[in-house]
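Asker: no sequence for this one, just the structure:
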């Protein structure tokens, strides 16, 4: 089945049923939170292991101001 055919079938099913034909689910909130905290901890360890930050706080704030303009 081509991607075009699959998309057409999906769109027709949504149109006919008036809902998403697939069940959408996620892990429990506790699992998501635990995974997020683990990833955050790993990223923090990597940042602390660097001898100097890639950007100063002033440089970060300047970039934020530019994006908000």
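Answerer: Happy to help now that I have it. Fair warning: this is a prediction, and the values are worked out from it, not measured in the lab. Numbers count the residues shown, from 1 in each chain.
Asker: C-terminal to the helix or strand bottoming out on mean pLDDT in the chain, what's the next element?
Answerer: Sorting the helices and strands of the chain by mean pLDDT, DSSP states H and E puts helix 29-49 at the bottom, at a mean of 86. Next helix or strand after helix 29-49 toward the C-terminus (DSSP states H and E): helix 57-68.
Asker: pLDDT averaged over that next one - what is it?
Answerer: Averaging pLDDT along helix 57-68 gives 91.
Asker: likewise for stretch 3-15?
Answerer: 92.
Asker: for it, give me every contacting residue.
Answerer: With Cβ atoms under 8 Å, 6 or more residues apart in numbering as the test, stretch 3-15 has contacts from 20, 21. For the C-beta atoms, the positions are set from N, CA and C on the backbone; glycine is no exception.
Asker: could you say which helix or strand contains the residue lying farthest from the centre of the chain?
Answerer: For the chain, the residue at maximal distance from the C-alpha centroid (Cα atoms, centre = their mean) is residue 16, at 30.5 Å. Using DSSP H and E, residue 16 sits in helix 3-17.
Asker: go ahead and measure how far that helix is from the middle of the chain.
Answerer: How far helix 3-17 lies from its chain's middle: 26 Å, per Cα atoms, centre = their mean, to the nearest Å.
Asker: stretch 43-55 too?
Answerer: 22 Å.
Asker: can you give me the end-to-end span of it?
Answerer: Start and end residues of stretch 43-55 are separated by 16 Å (Cα to Cα, to the nearest Å).
Asker: ok, now stretch 17-30?
Answerer: Termini of stretch 17-30 sit 33 Å apart (Cα to Cα).
Asker: for that stretch, which outside residues touch it?
Answerer: 10, 13, 14, 32, 35.
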